[in-house]
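**Student:** Build me a structure from this.
(one chain, ligands or ions: 2)
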Amino acid sequence: MLEIQDLHAYLGHLYVVQGVSLRVERGDVLFILGRNGAGKTTFLKTIMGFINPSRGRIFYEGIDITSKPLYERARMGIRYIPDNRRLFPTLTVEENLLVGLSDIHERKKILDRLEYIYTVFPDLKKLRKLRAKQLSGGQQQMLNIARAIAHPDAKLFLIDEPTEGLSPIYASKIASVIQDLVREDRGVVIVETKPWLMKKIGGMYAIMNNGKIVSQGSVKDLMSSRDLIERYLGVTMS
Ligand SMILES: Nc1ncnc2c1ncn2[C@@H]1O[C@H](COP(=O)(O)OP(=O)(O)OP(=O)(O)O)[C@@H](O)[C@H]1O
Ligand SMILES: [Mg+2]
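**Tutor:** Ligands and ions are numbered 1, 2, ... in the order given. Got it, this is the predicted structure:
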């Protein structure tokens, strides 16, 4: 569903993404790994359309979207979930969810989607009348993800460090939401380095180093390579 061909991107004069080629099919999860500053966030933002690549092609569902504007990519079902929680702080939880559904005109359909979200995140149902700024960090990240998956047409999710700074309970909740997306045959590209979470979700990995993919394969293979993990992730496996 997503095919990246030889993608290059700059941030100002800084050459960040240096020729990345990757594929993601429906029902796939691709973990993007790499040290701080490797270019992971820039890569996701380029797929979403926040950054124009200097070279290369992005195909989504067989269509070349390289020069399509961000809103069009969103309309086609691509969602970017940033690591900073970009909510509307003074709107309530429910109003935040409704903003993303504003293109749906049928009231019943909107209520169905809200019900779906509240089934996935029962906590958000209890909190629905609170303003987003009143939520804890974990709850805000939950709402951030809920907003992205709320729309029925969202198919490909680009998720940047969703569990950063969250308690294991919230992190594990987010992991099961990602498993649900996979079961529903949607695609996920995720920047996330917690080994337990990668093991739980499974799928594929690609390690980015200085803007290039230096290793890729299945999470299963990665988990058995202590050398790769220590060399590129800077974590010591227990
Ligand atoms: N707005 C910006 N302007 C200029 N340079 C930037 C900007 N944002 C990031 N950079 C630089 O671009 C490079 C890649 O940054 P990027 O955020 O894509 O890395 P990352 O792999 O997501 O890192 P992290 O793991 O810390 O989130 C880094 O050298 C960073 O300092
Ligand atoms: Mg980043």
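**Student:** alpha carbons only for contacts and neighbour counts from here, please
**Tutor:** Will do.
**Student:** Stretch 77-89 and ligand 1, any residue contact?
**Tutor:** No. Taking Cα under 6 Å from any ligand atom as the criterion, stretch 77-89 and ligand 1 are apart, separated by no less than 8.4 Å.
**Student:** Look at that stretch and report the distance between its end residues.
**Tutor:** Stretch 77-89 has an end-to-end distance of 25 Å (Cα to Cα, to the nearest Å).
**Student:** shaky segments in the protein?
**Tutor:** Along the chain, the model assigns pLDDT under 70 to residues 84-85, 232-238.
**Student:** at 80 what do you get?
**Tutor:** For the chain, applying pLDDT under 80 flags the ranges 84-86, 165, 228-238.
**Student:** For the top helix by length along it, what is the distance to the chain centroid?
**Tutor:** With residue count as the measure and DSSP state H as the assignment, the chain has helix 168-183 as its longest helix. Relative to its parent chain, helix 168-183 has a centroid offset of 12 Å by Cα atoms, centre = their mean, to the nearest Å.
**Student:** which other helices and strands contact it?
**Tutor:** If contacts are counted by 3 or more Cα pairs under 8 Å, 6 or more residues apart in numbering; DSSP states H and E, helix 168-183 sits against helix 137-150, strand 187-191, helix 195-201.
**Student:** run the last query once more with 10 Å
**Tutor:** Other elements packing on helix 168-183 under the criterion 3 or more Cα pairs under 10 Å, 6 or more residues apart in numbering; DSSP states H and E are strand 29-33, helix 107-120, helix 137-150, strand 156-160, strand 187-191, helix 195-201.
**Student:** and this protein, which of its residues are near ligand 1?
**Tutor:** Contact residues, the chain versus ligand 1 (Cα under 6 Å from any ligand atom): 11, 16, 35, 36, 37, 38, 39, 40, 41, 42.
**Student:** Let's see that with 5 Å instead.
**Tutor:** The interface of the chain toward ligand 1, taken as Cα under 5 Å from any ligand atom, is made up of 36, 37, 38, 39, 40, 41, 42.
**Student:** got a winner among those for most neighbours?
**Tutor:** Tallying neighbours with other Cα atoms under 10 Å puts residue 40 at the head of the residues of the chain next to ligand 1, with 26 neighbours.
**Student:** Helices - which of the residues of the chain next to ligand 1 land there?
**Tutor:** Filtering those for helices - DSSP H - leaves 40, 41, 42.
**Student:** hang on, the earlier thing: so which of the helices and strands packed on helix 168-183 comes closest to residue 231?
**Tutor:** Distance to residue 231, taken as Cα to Cα, is lowest for strand 29-33 among those, at 11.6 Å.
**Student:** Tell me who's in contact with the one residue sitting closest to the centre of the chain.
**Tutor:** In the chain, the residue lying closest to the centroid (Cα atoms, centre = their mean) is residue 159, at 1.4 Å. If a contact means Cα atoms under 10 Å, 6 or more residues apart in numbering, then residue 159 has 31-32, 41, 44, 79-83, 145, 148, 178, 188-192 as its contacts.
**Student:** Noted, bye for now.
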